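> Just a sequence and a predicted model for now, questions to come.
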Amino acid sequence: MNVKGKVLEIFDTAQVTDSFKKREFVIEYAENPQYPEFVKFELTQDRCDLIQEYKVGDEIEVHFNLRGRKWTDPQGVVKYFNSLQAWKIQPVAAPAPGESPLDSVTEPEWLGNDEEDDLPF
């Protein structure tokens, strides 16, 4: 899976146990600019430095895996946790001067079809 967004926050690397470390960061994902989403990702172990070259405000593309875990607490209550584990981060390429990001968008073939159909409406 992958998503593009603007870096909103980058946290320090946390040493969770002697052998496990992770680093979290948040991007603003604005598929609908009127209602942006704020999505937190985590980097683990040797991938913690993948975010190092980026700063708040940078447009990036994050490739990630969706992880889910089941855990039973000491009282016997089952709980579920989700995490988004990033494994690749790359900058979003800006369009060349005079080039619109919509230049490569084409109209679907069915939209331009003027043939008669047999639908009653």
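Perfect, thanks for sending it.

> Verify the stated contact: Leu50 with Glu42.
No: contact criterion C-beta atoms under 8 Å: Leu50 and Glu42 do not qualify, at 11.1 Å. C-betas here are computed from N, CA, C, even on glycine.

> what sits in contact with each of the two?
Among the neighbours of Leu50, those also in contact with Glu42 (C-beta atoms under 8 Å, 6 or more residues apart in numbering) are Ala86.

> Not counting the helix or strand that Val39 is a member of itself, show me its contacts.
Assessed by DSSP states H and E, Val39 sits inside strand 37-44. By C-beta under 8 Å, 6+ apart, the surrounding residues in contact with strand 37-44 are 3, 5, 8, 20-31, 49-51, 62, 64, 83-86.

> If any of these are buried, give me the ChimeraX selection for them.
Listed next is the ChimeraX selection for buried residues among the contacts of strand 37-44, using 16 or more other C-beta atoms under 10 Å:
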select :3,5,8,21,22,23,24,25,26,27,28,29,50,51,62,64,83,84,86
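
> And for Gln75, the neighbour number?
5 (other C-beta atoms under 10 Å).

> Which pLDDT does the model give it?
On pLDDT, Gln75 comes in at 97.

> how would you label it: helix, strand or coil?
coil (DSSP: H, G, I helix; E, B strand; the rest coil).

> Roughly how far does it sit from Thr13?
Taking C-beta to C-beta, to the nearest Å as the measure, Gln75 and Thr13 are separated by 32 Å.

> Likewise for Tyr54?
Look at Tyr54 and Thr13: by C-beta to C-beta, they are 14 Å apart.

> thinking again about what came up before, for the strand holding Val39, list the C-alpha coordinates in CSV.
Taking Å, rounded to 0.1, in the frame of the first residue of the first chain, the C-alpha atoms of strand 37-44 are listed here in CSV:
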residue,chain,number,x,y,z
GLU,A,37,-6.7,13.0,7.4
PHE,A,38,-3.8,12.9,9.8
VAL,A,39,-2.1,9.5,9.6
LYS,A,40,0.6,8.2,11.9
PHE,A,41,3.1,5.7,10.6
GLU,A,42,5.9,3.8,12.4
LEU,A,43,9.3,2.8,11.3
THR,A,44,11.0,-0.1,13.1
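
> Fine, thanks again, bye for now.
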